[in-house]
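J.: Model the structure of this input:
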Amino acid sequence: MTTTKKIYIGSDHAGFKLKKQIERWFKKNHVNYEDLGNLVLDQKDDYPDFAVKVAKRAVKEKTIGILLCGSAQGMCIAANKIKGARAVVPFSLKEARLAKEHNNANIICLSGWYSHLHKTTRMLEVFLTTPFSKEERHVRRLKKIKQLEK
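T.: As a prediction, this is how the structure comes out:
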């Protein structure tokens with residue numbers, strides 16, 4: 001799976017191990033990515049710091065962000081504070097597909113505590129390759145969400 005746009009990834013200490021496994025998988029599959037931190041395992045780091053970095057870059061460059069923390073929920077909450085971010089925490093392949101297809105999600109948040117590499121890479125394949133449907137009803141709903149950002 002080769003990607004043309006750069007993907008941004010970030011994690012706190014609780015998602016660090018899974019992030020490193022994803023990065024090895026990215027290299028094997030020729031995925032263009034950049035790690036925005038944390039670059040070292042630091043038990044005292046804070047997930048909002050990395051959520052903001054990844055969300056801002058994903059929004060600015062109209063690409064995908066991947067965030068990992070313990071539960072995935074904290075990263076999702078923090079990322080969604082950034083204007084233009086549409087972060088999700090899918091727990092199934094179908095949810096990952098629908099998040100892109102219906103909601104045009106641009107950030108996927110994953111759990112370092114509850115995810116394992118095989119399911120994670122399958123979910124990432126779905127998330128990274130599913131296009132937004134552009135159906136009128138989904139476009140209309142996203143416009144309404146955008147209005148909430150003002």
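
J.: so who does the residue of the chain most remote from its centre touch?
T.: Counting by C-alpha atoms, centre = their mean, the extreme residue of the chain relative to its mean C-alpha position is E136, 24.6 Å from that point. When the contact criterion is C-beta atoms under 8 Å, 6 or more residues apart in numbering, E136 has no partners at all. In this view, the C-beta of every residue, glycine as well, is placed from N, C-alpha and C.

J.: which stretch of helix or strand covers P48?
T.: Using DSSP states H and E, the secondary-structure element containing P48 is helix 47-60.

J.: tell me which residues of that helix are tucked away?
T.: Y47, P48, F50, A51, V52, K53, V54, A55, K56, R57, A58, V59 (16 or more other C-beta atoms under 10 Å).

J.: in its sheet, what does the helix or strand just after that helix sit against?
T.: Once the chain leaves helix 47-60, the next helix or strand it forms, by DSSP H and E, is strand 65-69. Strand 65-69 has the following sheet partners, assigned by DSSP bridges: strand 7-11 (parallel), strand 107-111 (parallel).

J.: which stretches of the chain have low pLDDT?
T.: Using pLDDT under 70 as the threshold, the predicted model of the chain has low-confidence ranges 1-3.

J.: All the helices of it, residue numbers only.
T.: Counting by DSSP state H, residue ranges of the helices within the chain are 16-28, 47-60, 73-79, 93-101, 117-129, 136-148.

J.: Quick check: buried residues in the last one?
T.: By neighbour count on 16+ other C-beta under 10 Å, the buried set for helix 136-148 is L142.

J.: Run the angle between that helix and helix 93-101 for me.
T.: Angle of helix 136-148 versus helix 93-101, following axes from the mean of the first three to the mean of the last three C-alpha atoms, to 10 degrees, is 70 degrees.

J.: CA atoms of helix 136-148 as PDB?
T.: Backbone C-alpha positions of helix 136-148 (Å, rounded to 0.1, in the frame of the first residue of the first chain) are rendered in PDB as follows:
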ATOM      1  CA  GLU A 136     -25.300  15.000  -1.100                       C
ATOM      2  CA  ARG A 137     -26.600  14.000   2.400                       C
ATOM      3  CA  HIS A 138     -23.100  13.500   3.700                       C
ATOM      4  CA  VAL A 139     -21.900  16.800   2.200                       C
ATOM      5  CA  ARG A 140     -24.900  18.600   3.700                       C
ATOM      6  CA  ARG A 141     -24.200  17.100   7.100                       C
ATOM      7  CA  LEU A 142     -20.500  18.100   7.000                       C
ATOM      8  CA  LYS A 143     -21.400  21.600   6.100                       C
ATOM      9  CA  LYS A 144     -23.600  21.700   9.200                       C
ATOM     10  CA  ILE A 145     -20.700  20.500  11.300                       C
ATOM     11  CA  LYS A 146     -18.400  23.100   9.800                       C
ATOM     12  CA  GLN A 147     -21.000  25.800  10.800                       C
ATOM     13  CA  LEU A 148     -20.500  24.700  14.400                       C
END
